[in-house]
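> Build me a model:
(one chain, ligands or ions: 2)
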Amino acid sequence: MIVLGVESSCDECSVAVVEDGTTVLGQVVATQLDEHAPYRGVVPEIASRTHTRWIVGVYQRTLAVAGVSPGDLDAVAVTNRPGLVGSLVVGLSFAKGLAWGLGLPLVGVNHMLAHLYAPQLEAPVEYPFLGLLVSGGHTIIARATSPLSMDVLGTTIDDACGEAFDKVAKHYDLGYPGGVAIDRLARKGDDRAFLFPDASLHPENQRYDVSYSGLKTAVINQLDQFWNGTSEKSPENIAASFERAAVDMLLRRLFRAVGDTGLTRVVAGGGVAANTRMRASLAARTDLQVRFPSPELCTDNGAMIAGLGYHLLQSGRRDSLDLDASARVEGFRSTCP
Ligand code: KG4
Ligand code: ZN
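Ligands and ions are numbered 1, 2, ... in the order given. Just a heads-up that it's a prediction; the model follows:
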């Protein structure tokens, strides 16, 4: 079964063709990085308008790369949640038009479940496993039990992890995207120049939750309060100290989940999973089998949507042409196909 996957939930415009949920025949990912760089953050209005201009061209190029024609497609899968609604609607409308025009089944895909599916496109990962999804929009520790089900164990109670990187970088004018700039600077900095606190949440019912709003405020507005009194207050030292606090906060929760569940397989995904400190800390845990999808499957992409779409279709799922987009996913704490 050949499934076309459409992804437009944020600032990546991507279409892919995947066979039987595993073989990527072709994929194009067009990033809007340059469109948003002047604003040092994703501007939703610009994102949706750029998708509108690009989506048909990205689709046409994908078919050419994959060497397939529209008549070879068996179904259309599209991200319809969660994400920026204006952006989602562009991909969703395109997918509906295509499915209707070609007389193909349509299926809406949960973007977060798709991220957890992404590594399966490269080499199988056995279920269940722990998923760590960290990007500009999501911060999730989940237990994946099948391609179609996950239990979200922990999430952020306020800002996303990548969002905190981006806001700190924007405030100190460190560069864009913020996470990449901070990662680069942090390699030359003292990570104990500032000793930022880890927000302590109620341990019992929020064992795996994180909070980035307090850390962001501490780094931006209360720097002196957390200074160690000796190190230089340089951009490198701010970056290294912030990165240590942000990454270690999340990994402490992940390692707590490893201890509680006994699961040693971990799948990491999202833009922040490219972070040097995060990768090194995970690699240092030799008792864990940690999988990082390759960069093009780690960030937003159409292949993971087509891949998971295949499993939804196999389970009998079909969506109608009144399928809606939604910014959030309800019932995120339980299994949510
Ligand atoms: O998955 P992604 O490309 O897009 C979405 O947000 O959906 O993730 C982008 C986020 C941004 O917040 C960016 O600053 C962050 O990932 N990021 C990083 C690194 N590379 C990208 N954060 C920390 N370290 C990095 N090396
Ligand atoms: Zn994503």
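> residues in contact with residue 108?
Listed by CB atoms under 8 Å, 6 or more residues apart in numbering, the contact partners of residue 108 are 77-81, 92, 319, 323. For the C-beta atoms, the positions are set from N, CA and C on the backbone; glycine is no exception.
> er, residue 153 actually
130, 141-143, 207-208, 257.
> Looking at those residues, which is nearest residue 45?
residue 142 (30.8 Å; CB to CB).
> Paired strands for the helix or strand the closest one falls within, with orientation please.
Residue 142 belongs to strand 139-146 when assigned by DSSP states H and E. Strand 139-146 pairs in its sheet with strand 129-134 (antiparallel), strand 149-155 (antiparallel), by DSSP bridges.
> Let's have those strands in CSV, adding distance to ligand 1 and mean pLDDT.
Below are the strands paired with strand 139-146 laid out as CSV (distance: least, CB to the nearest ligand atom, whole Å; pLDDT from 0 to 100):
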stretch, distance to ligand 1, mean pLDDT
strand 129-134, 7, 96
strand 149-155, 15, 94
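> got the ones you listed as JSON lines, with distance to residue 327 columns?
JSON lines is the format used below for these (distance: least, CB to CB, whole Å):
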{"stretch": "strand 129-134", "distance to residue 327": "17"}
{"stretch": "strand 149-155", "distance to residue 327": "15"}
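> just the ones you listed: most buried one?
Mean neighbour count (mean count of other CB atoms under 10 Å) peaks for strand 129-134 among those, with a mean of 27.
> Can you dump the C-alpha atoms of it in PDB for me?
C-alpha atoms of strand 129-134 as PDB (Å, rounded to 0.1, in the frame of the first residue of the first chain):
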ATOM      1  CA  PHE A 129       9.500   1.900  24.700                       C
ATOM      2  CA  LEU A 130       9.800   5.300  26.300                       C
ATOM      3  CA  GLY A 131       9.600   8.300  24.000                       C
ATOM      4  CA  LEU A 132      11.200  11.700  24.600                       C
ATOM      5  CA  LEU A 133       9.700  14.300  22.300                       C
ATOM      6  CA  VAL A 134      11.300  17.800  22.600                       C
END
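> So that it lines up with my notes, have the first residue be 12 from now on.
Okay, residue one is now 12; in that scheme the one you just asked about reads as strand 140-145.
> Just the residues contacting it, thanks.
So strand 140-145 is contacted by 123, 126-127, 150-155, 161, 164, 171-173, 261, 265, 268-269, 272, 274, 276-284, 289 (CB under 8 Å, 6+ apart).
> For the lowest-mean-pLDDT helix or strand in the chain, buried residues please.
Least confident helix or strand, the chain: helix 306-309 with a mean of 89, by mean pLDDT, DSSP states H and E. Using 16 or more other CB atoms under 10 Å as the test for burial, helix 306-309 gives 308-309.
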